[in-house]
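> Take this sequence and fold it.
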Amino acid sequence: MARLKEEMMWLILPLVYGWVNVYVIFPPLISQMLMGVFWFWVGMKCAGQKRAIKRCLFTNSLWGISLIIFIWQFILLSDESRNLPLALFSQLYIQGFIWMGTKISGLLFDVDHGTVIHILAYISMLGVFLLGAAYQKLHERRI
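Model prediction:
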């Protein structure tokens, strides 16, 4: 039961961090570093547990739901049809990775487009998590 509460905290913390970041503005690089280190650590913790794949899928479930909502709200719907609370939820979850999405977008495209930046932020968030999980698995094999 305690482990489930801990994992729920890991699951919800990016959303809470995004909400706080709306009101208390952190510099983008510091925001990225805080969330990057935290999400890397969460990836390590998930990969080090029993039934690691199940734990990693659970921990990233809100990430997946948020991504689906983002695609639905910002790609499939028009501006007039958008549900603002759902649109806000999907943007708050990846708030700590927007800086990285912006930098990747600047490298790949001449013009920055908000939707592309958010999709790249989602991908970078998953990438940081998977790097943490891979690091943990490699570390376990060495021991």
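> Now the nearest residue to residue 104 once chain neighbours are set aside: which helix or strand?
Using Cβ to Cβ, 6 or more residues apart in numbering and skipping the chain neighbours, the partner closest in space to residue 104 is residue 120 (4.6 Å). Using the backbone N, CA and C atoms, a C-beta is placed for each residue, glycine as well. Using DSSP states H and E, residue 120 maps to helix 114-142.
> Now do the helices in this structure.
According to DSSP state H, the chain carries its helices in the segments 2-23, 28-47, 52-59, 61-71, 84-92, 98-108, 114-142.
> Turn the ones you listed into TSV, columns for distance to residue 77, mean neighbour count and mean pLDDT.
As requested, the helices of the chain are exported to TSV (distance: least, Cβ to Cβ, whole Å; neighbours: other Cβ atoms under 10 Å; pLDDT from 0 to 100):
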stretch	distance to residue 77	mean neighbour count	mean pLDDT
helix 2-23	21	14	76
helix 28-47	27	19	87
helix 52-59	27	16	82
helix 61-71	10	16	92
helix 84-92	9	16	89
helix 98-108	21	17	90
helix 114-142	12	17	91
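> which residues touch the residue nearest in space to the middle of the chain?
The residue at the geometric middle of the chain, judged as the C-alpha nearest the mean C-alpha position with Cα atoms, centre = their mean, is residue 125 (4.1 Å). Applying Cβ atoms under 8 Å, 6 or more residues apart in numbering, one finds that residue 125 lies in contact with 14, 35, 39, 63, 94, 96-97.
> Could you rerun that using 6 Å?
By Cβ atoms under 6 Å, 6 or more residues apart in numbering, the contact list for residue 125 reads 94, 97.
> before we move on, the earlier item: mind giving me JSON lines with the helices of the chain and columns for distance to residue 78?
Rendered in JSON lines, the data for those read as follows (distance: least, Cβ to Cβ, whole Å):
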{"stretch": "helix 2-23", "distance to residue 78": "25"}
{"stretch": "helix 28-47", "distance to residue 78": "29"}
{"stretch": "helix 52-59", "distance to residue 78": "33"}
{"stretch": "helix 61-71", "distance to residue 78": "14"}
{"stretch": "helix 84-92", "distance to residue 78": "12"}
{"stretch": "helix 98-108", "distance to residue 78": "23"}
{"stretch": "helix 114-142", "distance to residue 78": "13"}
